[in-house]
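Student: I would like to see how this sequence folds:
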Amino acid sequence: MFDHVKFGVTDYQTSKSFYLKALAPLGVVIASEGEPSYGVELSPNGKASLCLFQTHEKPAHLHIAFIADRREQVDAFYHAALAAGAKDNGAPGLRPQYTGAYYAAFVLDPDGHNIEVVCHESEA
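Tutor: Below is the predicted model:
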């Protein structure tokens, strides 16, 4: 549906490091990078990407959800994100209020953005 999402962060190096560690379970790597004012493009497959750039203004809070193929990736994201400095905003688990198989975890990144990883697959 989209090619990329780009948003400003208040500490470029901290946020870049956080997202690389937190999204490693999804296979995310640096696809391209310029000056901090231009930013870094992070992607698992060279297609849709997350782009971060340095801003000197406090960014508005966002909610971004990444898709996982397996529930284990949701769990791994959650633990990697916490180890990278995220704040818990919802431990891994089913969210039946959304759909029966909606398995997700939520964390707050260094700027307070609500970052989610969700798996829509039923447990095998």
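Student: I believe Y38 is in a helix; please confirm or correct that.
Tutor: No: checked against DSSP: H, G, I helix; E, B strand; the rest coil, Y38 lies outside a helix; its state is coil.
Student: quick one: it and L52, what's the gap?
Tutor: 10 Å (C-beta to C-beta, to the nearest Å). Quick note: C-beta positions are derived from backbone N, CA and C, even for glycine.
Student: When these two are compared, which one has more neighbours?
Tutor: Each of Y38 and L52 has its neighbours counted (other C-beta atoms under 10 Å); L52 has more, 23 against 13.
Student: all strands of the protein, in order?
Tutor: 4-9, 29-33, 40-43, 49-54, 63-67, 87-88, 93-94, 103-108, 114-119 (DSSP state E).
Student: so can I have a markdown table of those strands showing mean pLDDT?
Tutor: Below are those laid out as a markdown table (pLDDT from 0 to 100):
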| stretch | mean pLDDT |
| --- | --- |
| strand 4-9 | 94 |
| strand 29-33 | 95 |
| strand 40-43 | 96 |
| strand 49-54 | 95 |
| strand 63-67 | 95 |
| strand 87-88 | 98 |
| strand 93-94 | 97 |
| strand 103-108 | 98 |
| strand 114-119 | 97 |
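Student: can you list those in JSON lines and add distance to D75?
Tutor: Formatted as JSON lines, those follow (distance: least, C-beta to C-beta, whole Å):
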{"stretch": "strand 4-9", "distance to D75": "24"}
{"stretch": "strand 29-33", "distance to D75": "21"}
{"stretch": "strand 40-43", "distance to D75": "21"}
{"stretch": "strand 49-54", "distance to D75": "20"}
{"stretch": "strand 63-67", "distance to D75": "14"}
{"stretch": "strand 87-88", "distance to D75": "13"}
{"stretch": "strand 93-94", "distance to D75": "10"}
{"stretch": "strand 103-108", "distance to D75": "7"}
{"stretch": "strand 114-119", "distance to D75": "9"}
